Structure formats: structure tokens, C-alpha cells
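1. sequence first, predicted model second:
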Amino acid sequence: REGRPPDWLNTGPSPAGYVSFGKAGNYLWGNMPAADVLNITTNEGSAAKDQDFSLCFAASGDLRNVIKTVNGLPQDYQGQLTLVINDSNPHVAVRNLLLLRMLLDPEALSEEFTAEVVLHTLYSARLTPSQASFVQAWMNPIHAMDDGSSDLFDGQLEFGSQCCLGWLYPRKVASLLKLISNASYKTSQAEENRLNVMLSPQRIDYRERYLWTLRPRHRVGFTYWRKTGLLLPIGQPTDAFNTVNRLMYSEDGEWLLKDIASPVAAWDPLEVEKTRQNLTLPDEDYMGALFFHVKHQLLEFIKRVRRFKLMVFLFSTDLLLLPEVLDFSSSGKRQMTFDRIETSNVMDPLGPSAILAKWGPCLNRNNPHSCLLMYSMNWIMKMPGGDVQSLGMDKKQELMMQVAAYLVSVEWRENIWDLLIAARNFTNRDSTEG
């Protein structure tokens, strides 16, 4: 219309960072696939059945890594499992507390209903009235446990003789929980705010560039999810989802996520594809397959935590301060050590040295498999030559072939020609565009 090419279509270097739209700072959904931090098969092996484990998710974000790790333990696991889950974001802390309250309590309604409520509380903008009432029924008692007399919000719940959930949060988390519980904005207002972010007219260029990367048959499902805000199979009725999910919004009804956020990034697509094949679901509906995959993971988690010996402790503090908080909360007992410490990508802003200095002493020296896990998401944007787009065509083609060869070796043997053709088309496209 303006007679000019779009700003992003140029032959210059890649931008220093990714552009996004929406409320910054709230990463309610993971943007890396769920990881089993224990990976028993290649570490402790058969000895894990009777081994006690202490695991620390020091910058947890959502609960996907916790769920994936618990589901990776042996079915007949007999040891004591201790989980420390921390995230400094108050919204994440509130969500994790409430979701675990629902998942752990054996007095909740049926496991299937609980799994679906948790799924939609995690990933859908609206709930059915019965689901919303269920969430509120678990929220009110937690809020009632806080008398407001301390700078800390702490509590403990026991579920039978084998499972307990404790938390030690700063006052701001309790304040936020109260605001969310008492919020009075309407569903229509919240939905308008969500659409202003997720379907902003100013962002159509970015959305369509993302759609270009998807298989054509997956584009309909992704667009349908953005429009409805519901993680459901295409064709499932949505009229009953008429009550706002207040854990996806601020106390004023502001949509908390950026427009690039998607539940797709939080789960391994190869595993989602296996779920689709096992259930003979239509190939076109990736979001529907994701719904059933996440529901299955949640159901398995519920079954396990209700029979395992489990202690869960929740915190909401800075990752580098958490070791001192743990020492304080142990009240003079022996320093808590861990078999795995997962720190997400916090090494990007802090650097690995600071994390190693603080968390290295917290590893369990009696377990040769104990380790401190870190990864970087921003390395390619900071290191010269880190972004594949800055490399020459020959190098890009070489790297794509290496990726294709790896995928063939682990999962996608039957798709070898699709992978090789995609790699060739990718590099040839770059050599002809611009």
C-alpha cells in the first residue's frame, strides 16, 4: 500500500534481538521444551528405584520440567523425593502454588477433571464455570491461611502421610494472590485486552512470518488457537468457556503475556507427534495433539505424586539469594544438597561463574551423577558468528545437513528425504532472496 518493501526484508545483518509486543517480564509459559533433569536411564539407572532424590528448580518458570522429571522416575519408585521450586516472578509463584495444590490433593475431584482444569489454567484464557469454581475453591483456603501479620507468606499443607507442600514467599506474593482472588473485571474486558496483544493489527507481519515456518496444515490450528485463546482440539465446542482465567491476567485484567508466547514451545514436538500417532489424531490439528499430550502428562503426574513419598517447597526469590534462604529455612539443620540443580537460562544475564560460585557447593557430593544444569538462549545474539544467518551459504548448508543427520539418527528415519529437501531448499532460498 505504501509502495515500499517491509523493513525486515533486507540483506543487512540480523537485528541484535527479537522484537515482541505485549507485557514484558512475564514468562508464564516455558519457551524451551520440557526437560527431565534426572534422565535416570543414562545416569542412576536401575538403582534409582530406591534412591532418595533432592531436586532444585532454581528458576522454574512454569511446572513443565517438574512434571516431566517426576514422570521420568520408575513407576515403582520407593525413595523420598524432595522438590525445591523457585521463581522470582510473583505471578509465576502464585500459579505454581495453586496448580500444585490442585495436583497434589487426593481429595480433589476425579483425576481426569483435575488434569483438564490444570491444563486450561496453564494455557487457556478462559475456563468453564465449573472449572473456574474449582480453581477458586482451592484459591480461597490458601489466601485464608495468610493473616497479614508478617513480611513473609508461609504455609504448609499435608496430603496424607506421604506428601506435603510448603511455601515461603515474600509479602508481595500474598498481596498479588489477594488482588487476583478479588478482581472484578469482566471476561469481555479481559478478552478484548488479550486480542489487542495476540491479534494486534500492527503485528500481522510478524504473525505471518511465523506462519510461513509452519507446515501448511498446521497454520489453521495455530490461528484458531490465537483467536480463541483456548488450548483445545479444533471442532470441540468453546461456548462453555465463558469465564475469565484470572491467572492469565493482571489484577486489572491486563493480558500478561507477549504476543510471541505459545504453549507449543514448552513441549517436545517429537513427543507430541508420538501422542498424535498413538491416538490416531488428525495430522492437521497440532494444537489438538498438544492438548492430549499435556493432559496425558498431567494425568501421569497426578497418579505418581499421589503414591510417591514427596515433599515440595516453594520459594520466590532471586536465584543467587536462594541458597541463603534455604539455609535460613532449615533452621540450623544440615545444609540442603541436591542431586540436580536446574537454573534455566539465568546464565545469560548473570554469567556462569556467579551461578557456579553460589550453587556448586549445594551439589550432593555423595552422588556421582549430581550436576548443575545451565543453558543459554541469547548466545547467538551476543557472539559474532553465532547466528546461522550471518554465515555463508556453504556453512549453512553444512550445518543443516548435520542437523538432518542427527535427527535421522534419533527419531525421524522415515523422514530423511523430507529433511534433506528442507535443508537444501532452506539454503537455496537464502542464496536467491534479497
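-> Received the coordinates, thanks.

2. mind telling me what element residue 56 is part of?
-> Using DSSP states H and E, residue 56 sits in strand 53-57.

3. tell me what that strand is packed against?
-> The contact analysis (3 or more CB pairs under 8 Å, 6 or more residues apart in numbering; DSSP states H and E) places strand 53-57 against helix 64-71, strand 80-86, strand 340-342. The way it works is simple: take the backbone N, C-alpha and C, and place the C-beta from them, glycine included.

4. what's it in contact with?
-> Strand 53-57 is contacted from outside by 37-38, 65-66, 69, 79-86, 322, 336-342, 362, 364, using CB atoms under 8 Å, 6 or more residues apart in numbering.

5. what residues does the lengthiest helix in the chain touch?
-> Ranked by residue count, the top helix of the chain under DSSP state H comes out as helix 286-305. Outside helix 286-305, the residues that touch it by CB under 8 Å, 6+ apart are 34, 67-68, 70-71, 73, 77, 103-104, 111-112, 114-116, 118-119, 122-123, 163, 218, 221-222, 224-225, 231-234, 236, 263-264, 267, 271-273, 275-276, 279, 281-282.

6. burial count for the residue lying closest to residue 325 once chain neighbours are set aside?
-> Using CB to CB, 6 or more residues apart in numbering and skipping the chain neighbours, the partner closest in space to residue 325 is residue 317 (5.4 Å). Applying other CB atoms under 10 Å, we find 18 other residues in the vicinity of residue 317.

7. any of the contacts of strand 53-57 buried? List them.
-> Buried members of the contacts of strand 53-57, counted by 16 or more other CB atoms under 10 Å: 37-38, 65-66, 69, 79, 81-86, 322, 336-342, 362, 364.

8. so where do the strands sit in this protein?
-> Using DSSP state E, the strands found in the chain span residues 53-57, 80-86, 126-127, 152-159, 163-170, 243-244, 309-315, 340-342, 371-373.

9. any chance of CSV for those strands, columns distance to residue 207?
-> Output for these, formatted as CSV (distance: least, CB to CB, whole Å):
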stretch, distance to residue 207
strand 53-57, 32
strand 80-86, 33
strand 126-127, 21
strand 152-159, 39
strand 163-170, 36
strand 243-244, 24
strand 309-315, 35
strand 340-342, 32
strand 371-373, 33
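
10. reformat those strands as TSV; add mean pLDDT and distance to residue 142.
-> Formatted as TSV, the strands of the chain follow (pLDDT from 0 to 100; distance: least, CB to CB, whole Å):
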stretch	mean pLDDT	distance to residue 142
strand 53-57	98	20
strand 80-86	97	16
strand 126-127	98	18
strand 152-159	92	7
strand 163-170	95	9
strand 243-244	97	19
strand 309-315	97	11
strand 340-342	97	25
strand 371-373	96	30
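
11. so where's the stretch 301-434 of the chain uncertain?
-> Counting by pLDDT under 70, the stretch 301-434 of the chain has low-confidence residues at 330-334, 407-434.

12. hmm, 50 instead?
-> Within the stretch 301-434 of the chain, the stretches with pLDDT under 50 are 412-414, 416-417, 419, 421, 423-434.

13. could you pull out the helices for it?
-> Secondary structure of the stretch 301-434 of the chain, counting by DSSP state H, counting those that start in this stretch: helices at 322-329, 347-350, 352-359, 379-382, 393-410, 416-432.

14. measure residue 188 to residue 226 for me?
-> 18 Å (CB to CB, to the nearest Å).

15. ok, those two, which is more surrounded?
-> Regarding residue 188 and residue 226, a neighbour count based on other CB under 10 Å identifies residue 226 as having more, with 16 against 11.

16. model confidence for the more buried one, exactly?
-> As predicted, residue 226 sits at a pLDDT of 93.

17. quick one: it and residue 95, what's the gap?
-> Residue 226 is 21 Å from residue 95, by CB to CB.

18. equivalent analysis for residue 134, please.
-> For residue 134 relative to residue 95 (CB to CB), the value is 15 Å.

19. could you do residue 394 as well?
-> Distance from residue 394 to residue 95, by CB to CB: 47 Å.

20. so between these two, which is more surrounded?
-> residue 95 (21 against 10).

21. for the more buried one, which non-adjacent residue is closest in space?
-> Residue 95's closest residue in space is residue 247 (CB to CB, 6+ apart), at 5.3 Å.

22. over to residue 51?
-> Using CB to CB, 6+ apart, the closest residue to residue 51 is residue 79 (4.9 Å).

23. which residues does that neighbour contact?
-> By CB under 8 Å, 6+ apart, the residues touching residue 79 are 48-53, 309.

24. now residue 62
-> Going by CB under 8 Å, 6+ apart, residue 62 touches 28-30, 92, 95-96, 122, 266.

25. the same query, at a cut-off of 7 Å, please.
-> For residue 62, the contact set (CB atoms under 7 Å, 6 or more residues apart in numbering) comprises 28-30, 122, 266.

26. next one: residue 179
-> Contacts of residue 179 (CB under 7 Å, 6+ apart): residue 251.

27. one step back: surely the residue nearest to residue 325 meets residue 323?
-> No - in this structure, residue 317 is not within contact of residue 323 by CB atoms under 7 Å, at 10.1 Å.

28. so what pLDDT did residue 18 get?
-> 47.

29. thinking again about what came up before, derive a PyMOL selection command for the buried subset of the contacts of residue 79.
-> Only the buried entries of the contacts of residue 79 go into this PyMOL selection, using 16+ other CB under 10 Å:
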select buried, resi 48+51+53
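
30. out of the contacts of residue 79, which comes closest to residue 205?
-> Nearest to residue 205 out of the contacts of residue 79 is residue 53 (CB to CB; 47.2 Å).
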